[in-house]
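*Asks:* please find the sequence and the predicted model below.
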Amino acid sequence: MESWGPGRHFSSGRHTHESTRGAGWHLLALIGGIRPQFLIALIAVLGLVSAATVYATMQTRVPLDAGAPAPTSASAPADTAAADPLPGTGTPPSEPPASTPSPTPSASPPGGTIGPALDAEINAVIKANSAYRVGVALIDVQDGEVHEYGVKTKFVAASTGKILAAAAYYHLVETGKASLGARMGASTAGQQIRLMVQQSNNESWAAILAAVGQKGLTDYAASIGIPYDRTVNALTPAEMARTLSELYSGRLLNAENTAQLLSYMQQTNYEELIPAATPPGVSVFHKYGLLNGNLHDASVLVQGDRAFVFVVYTLGREMSDMAARTRVIHQLTGTVTDGLY
């Protein structure tokens, strides 16, 4: 995701009024002593002066660039990103007065597409880091097509699997089988979901899993086309990407619950992976996962009306090479954002 500048102000009207008043008094004082033939000439001269004044005044009120949009009032609000229900939308400027032509909207900045050039760059980064098991999935939310790179088989999903658990519980709420206000442990179910996603709290995850049930979670995942066994907690990068694409598109949950879950995926307690390498102006909604040798980040990247799901799963040697794999995730993030935004 511009504000219009302050309106122009003119003070020539007051200057014209004062000048005209002074001339009138002198005219009344002199008119009685002027001969008729000179009076006629004086009237003609005054007519020419008046016409020239009107023309000059009109010229000062016409913008030099007649094709430019007319400026709006300084009080017109700037275009701002909406936080609810989905980010990336804007609040349009105030409607201009009826007598003023509407400004021509500026074209959206051109963006890249997922194609052979970007595919080659992503594959080059993966190949250059072949010491690790790396899988990447990328989806343009507008068409839903999944693009896969590197390892395409299942990884231990680690904490990225918490998004499935959250969606499954929200689904129970929407079908009248559960409540976000229900007491759950020391708080409510809604608060446990927030802690589970935003803080990656494992006790909250256990509470939500107990409420959903192992079979309930497997059945829910199957209903959205994801084969998932909680006892293994394994997903492919593509399966995780499809889950996030369905969530962001509003096909998993209603608008209110979609907005709430996405809000928990912002400003999490660990922003060092995809968010740290994302350029300014691109919003990030993500869930990271760190478990033994697994280091993952699953995200939705949004700028204006362009949204892409971007998932990176990696497996290395426990956590001893975590810094090196963090750099790999940063390289992939830079490659993707440079190619798409």
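*Replies:* Perfect, thanks for sending it. Numbers count the residues shown, from 1 in each chain.
*Asks:* can you give me the strands in the stretch 201-341 of the chain?
*Replies:* Counting by DSSP state E, counting those that start in this stretch, the stretch 201-341 of the chain forms strands over residues 234-235, 283-291, 294-303, 306-315, given from the N-terminal end onward.
*Asks:* for the nearest residue to residue 290 once chain neighbours are set aside, give me the pLDDT.
*Replies:* Counting by C-beta to C-beta, 6 or more residues apart in numbering, residue 290 lies nearest to residue 158, which is 6.2 Å off, once chain neighbours are set aside. Bear in mind the C-beta positions are built from the backbone N, C-alpha and C, glycine included. Confidence per residue is given as pLDDT, and for residue 158 that number is 98.
*Asks:* so how far is residue 212 from residue 126?
*Replies:* Using C-beta to C-beta, to the nearest Å, we find residue 126 at a distance of 34 Å from residue 212.
*Asks:* spell out the residue ranges of the helices in this protein.
*Replies:* 12-30, 36-60, 116-128, 162-174, 189-198, 202-212, 214-223, 237-248, 255-264, 322-340 (DSSP state H).
*Asks:* worst-scoring helix or strand of this structure, pLDDT-wise?
*Replies:* Taking mean pLDDT, DSSP states H and E as the measure, helix 12-30 is the helix or strand of the chain with the lowest mean score, a mean of 39.
*Asks:* ok, residue 188 touching residue 181?
*Replies:* Yes - taking contact to mean C-beta atoms under 8 Å, the distance of 5.4 Å between residue 188 and residue 181 places them in contact.
*Asks:* more neighbours, those two?
*Replies:* Set side by side, residue 188 and residue 181 show more neighbours around residue 188, with 15 against 11, by other C-beta atoms under 10 Å.
*Asks:* might you report the residue contacts of residue 178?
*Replies:* The neighbourhood of residue 178, defined by C-beta atoms under 8 Å, 6 or more residues apart in numbering, consists of 169, 172, 189, 211.
*Asks:* most neighbours, which of those residues?
*Replies:* Greatest neighbour count in the contacts of residue 178, by other C-beta under 10 Å, goes to residue 169: 29 neighbours.
*Asks:* from memory residue 189 sits against residue 172, does it?
*Replies:* No - using C-beta under 8 Å as the test, residue 189 is too far from residue 172 to be in contact (9.3 Å).
*Asks:* overlap in contacts, the two.
*Replies:* Each of 178, 211 lies in contact with both residue 189 and residue 172 under the rule C-beta under 8 Å, 6+ apart.
*Asks:* where does the stretch 1-150 of the chain dip in pLDDT?
*Replies:* 1-110 (pLDDT under 70).
*Asks:* hang on, the earlier thing: what sits against the residue nearest to residue 290?
*Replies:* For residue 158, the set of contacting residues under the criterion of C-beta under 8 Å, 6+ apart consists of 233, 289, 290, 291, 294, 296.
*Asks:* again, only this time at 10 Å
*Replies:* Neighbouring residues of residue 158 by C-beta atoms under 10 Å, 6 or more residues apart in numbering: 200, 233, 235, 287-296, 313.
*Asks:* residue 273: which of those is nearest?
*Replies:* Proximity of those to residue 273 was ranked by C-beta to C-beta; the top entry is residue 288 with 5.5 Å.
*Asks:* how many neighbours does the nearest residue to that closest one once chain neighbours are set aside have?
*Replies:* Nearest non-adjacent residue to residue 288, counting by C-beta to C-beta, 6+ apart: residue 297, 4.8 Å away. For residue 297, the neighbour count with other C-beta under 10 Å is 28.
*Asks:* residue 297 bridge partners, please.
*Replies:* Using DSSP bridges, the beta-bridge partners of residue 297 come out as residue 288, residue 312.
*Asks:* could you shift the numbering so residue one becomes 52, and keep it that way?
*Replies:* OK, 52 is where the count begins now, so the last one is residue 348.
*Asks:* look up how far residue 271 lies from it.
*Replies:* When residue 348 is compared with residue 271 (using C-beta to C-beta), they lie 23 Å apart.
*Asks:* wait, residue 251 touches residue 338, no?
*Replies:* Yes - using C-beta atoms under 10 Å, residue 251 and residue 338 qualify as a contacting pair, with a distance of 7.8 Å.
*Asks:* more crowded one of those two?
*Replies:* Residue environment comparison for residue 251 versus residue 338 gives the larger neighbour count to residue 338, 29 against 20, counting by other C-beta under 10 Å.
*Asks:* help me confirm that that one comes into contact with residue 347.
*Replies:* Yes - with the criterion set as C-beta under 10 Å, residue 338 and residue 347 qualify as a contacting pair; they are 8.5 Å apart.
*Asks:* quickly list what's touching both of the two.
*Replies:* Common contacts of residue 338 and residue 347, defined by C-beta under 10 Å, 6+ apart, comprise 208, 209, 210, 211, 212, 291, 362.
*Asks:* just those residues: which are in strands?
*Replies:* Helix and strand membership here follows DSSP state E; of the shared contacts of residue 338 and residue 347, those in strands are residue 362.
*Asks:* touching stretch 232-241 from outside, list them.
*Replies:* By C-beta under 10 Å, 6+ apart, stretch 232-241 touches 220-221, 223-224, 229-231, 242-246, 254-255, 257-259, 261-262, 308, 311.
*Asks:* give me the buried positions along it.
*Replies:* 235, 240, 241 (16 or more other C-beta atoms under 10 Å).
*Asks:* and the gap between the second one and residue 218?
*Replies:* As for residue 240, its distance to residue 218 is 14 Å (criterion: C-beta to C-beta).
*Asks:* perfect, I'm done here.
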